[in-house]
Structures are given as C-alpha cells and as structure tokens.
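predicted model and sequence follow; I will ask about them next.
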Amino acid sequence: MRGIKNVRHRNLIKVLSLCCSIDHQGNDFKALVFEFMPNGSLETWLHPNTCTDRPFRTLSLIQRLNIAFDVAVALDYLHYHLTAPIVHCDLKPSNVLLDDDMTAHVSDFGLARFLVRPDTMPSQSMSSTGGIKGSIGYIPPEYGMGGRPSVEGDVYSYGVLLLELFTGVSPTDERIRDGLSLRKQVEMVFPDQVMDIVDPKLFPENDGKHNLYAPENVYSCLVSVIQCGLLCSKESPKERISIKDVTKELNSTRTKLLRS
C-alpha cells in the first residue's frame with residue numbers, strides 16, 4: 001500500500017494517512033484515511049433503492065459520459081504511465097467515488113497488484129503477489145481459470161462497469177436469467193434495439209415506457225459507448241480493446257454530444 005500511497009492522479013482517490021490504534025476490544029486496528037468524497041459512490045447513484053439514506057437523484061447522459069471517461073483515464077494512468085504498471089483487480093461502481101463536481105475517483109486498492117515486468121506484454125507480466133480475487137460479475141473469465149492479473153483483466157471489469165453505467169442493470173441483477181450475463185443480454189439487442197436496454201431514467205419524459213425515441217445525436221452516443229463496453233468485455237483478453245482506445249472514443253463521443 002505504501003507504493004499506492006505515492007501514486008497521484010486527479011481521478012484516483014487520495015490517501016491522506018494511515019491510522020494505527022486499538023479498537024474497543026483491544027485488537028490492533030489499522031485504517032487508511034482517504035480524501036472525503038461528498039457525492040458518495042457510483043453504486044449509490046445507479047442503484048438508489050439500496051441506499052435509503054440519501055434522496056433519489058439520477059445521473060444525466062453527460063454526467064455518465066464524464067464518469068466513464070474519468071475512470072478510463074485513471075486506468076490508462078495506472079497501466080501505462082508508471083514505472084511498474086498497477087492493475088486494480090476490483091473495479092466496480094462501489095469503488096468509484098464522486099467529489100463535489102461529480103468527478104470520478106477510483107478507490108479501494110486492497111486487491112491491486114504491481115506488474116513487475118513492464119517490458120513484456122501485459123498479459124505475460126508477472127505479479128508481485130500470488131492469488132487473485134475480485135467481485136462476482138466483474139471478474140474476467142481468465143482469472144477463474146488461474147490467469148494472472150493483467151491490464152486486460154481491468155479492461156474487462158471496466159467494460160462491465162460501462163454497460164452497467166448506461167443500462168442501470170447490475171451484472172448480478174436478478175433480472176439476468178437463463179444463464180446469460182449482462183454482456184450477453186446487451187449483445188443480443190445491439191445495435192438495432194439499443195434504446196430498449198439503456199437506463200430508462202435517462203429519458204424520464206417516457207414515463208417508464210420503452211425508450212422508443214431519442215435524438216439522433218443521443219442515439220449515436222449510446223451506440224458508441226455501449227459498443228466500447230462490449231469490446232472491453234470480450235471473453236478473450238486478446239480481443240479486448242485497449243483502454244487507450246477507449247479514452248479516445250469516449251472523448252470523441254462526448255465532444256460530439258456537447259457540440260450538438
């Protein structure tokens with residue numbers, strides 16, 4: 001964690017201090033002190049029904065685009081702009097925190113791994129520690145077969161997060177049945193029926209009905225973003241799009257939407 005503490009980026013949570021003490025039962029107690037994020041986690045915004053302590057609010061399309069871009073930029077920094085690349089290994093909405101301006105910060109590096117051979121291909125890099133864990137629904141399939149931590153693994157988790165961000169459906173949601181995954185359900189209707197699977201809260205004027213209509217620029221934006229999510233979450237690590245290409249695509253999509 002000492003190495004993580006020295007990493008600085010506007011889209012990573014800032015570690016302020018380490019607290020060591022004894023709890024009320026006399027046990028050793030250690031805690032990391034992070035920068036406070038007033039708007040909580042992305043999880044509380046996507047699934048407010050599970051968070052009864054805060055009023056219902058929804059994320060607009062541009063806010064979701066900004067968050068998606070922020071998280072992608074953070075991963076790009078961790079993977080390609082450090083002497084020893086870092087893979088997060090547990091990317092999910094509850095580990096994305098939002099500040100006063102709704103800027104996203106990736107947090108919780110408890111499972112993070114350093115790739116100690118950055119001169120090799122990412123998928124062949126060796127981790128400094130053994131074993132791998134993660135969260136159900138976001139773990140790349142190769143990890144379940146003994147694969148080592150890799151930047152491609154983070155890209156897979158990001159792809160699932162991206163699909164969840166724009167569909168409003170968690171990969172562990174009870175609505176996902178018949179052995180399908182969130183990715184499979186999205187892929188089945190993409191791109192012709194893409195408006196049927198986007199989060200209906202993006203179009204409150206439809207009053208809960210299917211998203212039958214959206215302006216052409218909004219439709220193009222959603223197709224582009226969801227395509228990125230599908231490309232990131234391909235089963236084979238070699239077939240996944242790089243996070244660098246994701247940031248370029250999201251930035252281009254966001255610019256077009258704002259101009260229009």
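Yep, it's here. None of these values were measured; they are calculated from a predicted model.

from here on, just use CA atoms for contacts and neighbour counts.
Will do.

contacts for the longest helix seen in the chain next, please.
Looking across the chain with DSSP state H, the single longest helix is helix 61-80. In this structure, residues lying in contact with helix 61-80 by CA atoms under 8 Å, 6 or more residues apart in numbering are 9, 11-12, 85-87, 96, 102-106, 151, 154, 158, 162, 165-166, 202, 243-244, 246-247, 250-251, 254.

7 Å - rerun?
Contacts to helix 61-80, defined as CA atoms under 7 Å, 6 or more residues apart in numbering, come from residues 11-12, 85-87, 103-104, 106, 151, 162, 165, 202, 243-244, 247, 250-251, 254.

next: stretch 165-178.
Taking CA under 7 Å, 6+ apart as the rule, stretch 165-178 contacts 46, 64, 137, 164, 181-182, 197-199.

mind doing that once more with 6 Å?
Stretch 165-178 is contacted from outside by 46, 137, 164, 182, 197-199, using CA atoms under 6 Å, 6 or more residues apart in numbering.

state the number of residues packed around Arg8.
13 (other CA atoms under 10 Å).

ok, it to Leu16 distance?
11 Å (CA to CA, to the nearest Å).

rewinding a little: what's next to whatever helix or strand comes next after the longest helix of the chain, contact-wise?
Next helix or strand after helix 61-80 toward the C-terminus (DSSP states H and E): strand 86-87. By CA under 6 Å, 6+ apart, the residues outside strand 86-87 that reach it are 78-79, 112-114, 151.

repeat the analysis, applying 10 Å as the threshold.
3-4, 75-80, 109, 111-116, 118, 127, 149-155 (CA atoms under 10 Å, 6 or more residues apart in numbering).

residue ranges with poor pLDDT in the stretch 51-200 of the chain?
51-56, 117-133 (pLDDT under 70).

where do the helices sit along it?
For the stretch 51-200 of the chain, the helices defined by DSSP state H, counting those that start in this stretch occupy 61-80, 151-167, 182-189.

nearest to Phe36, out of those helices?
Nearest to Phe36, of all the helices of the stretch 51-200 of the chain, is helix 61-80, at 17.5 Å by CA to CA.

what's the angle from that closest one to helix 151-167?
170 degrees (axes from the mean of the first three to the mean of the last three CA atoms, to 10 degrees).

and helix 61-80, what's buried?
61, 64-79 (16 or more other CA atoms under 10 Å).

residues contacting Ala31?
Here Ala31 is in contact with 17-21 (CA under 10 Å, 6+ apart).

for it, helix, strand, or coil?
Following DSSP: H, G, I helix; E, B strand; the rest coil, Ala31 is assigned to strand.

which residues does it bridge with?
Cys19 (DSSP bridges).

again, but for the one 10 residues further on
With DSSP bridges as the criterion, the beta-bridge partners of Ser41 are Leu97.

now do the contacts for it.
Counted by CA under 10 Å, 6+ apart, Ser41 has contacts 92-99, 104-107.

what's the separation between it and Ala31?
When distance is defined by CA to CA, Ser41 is 19 Å away from Ala31.
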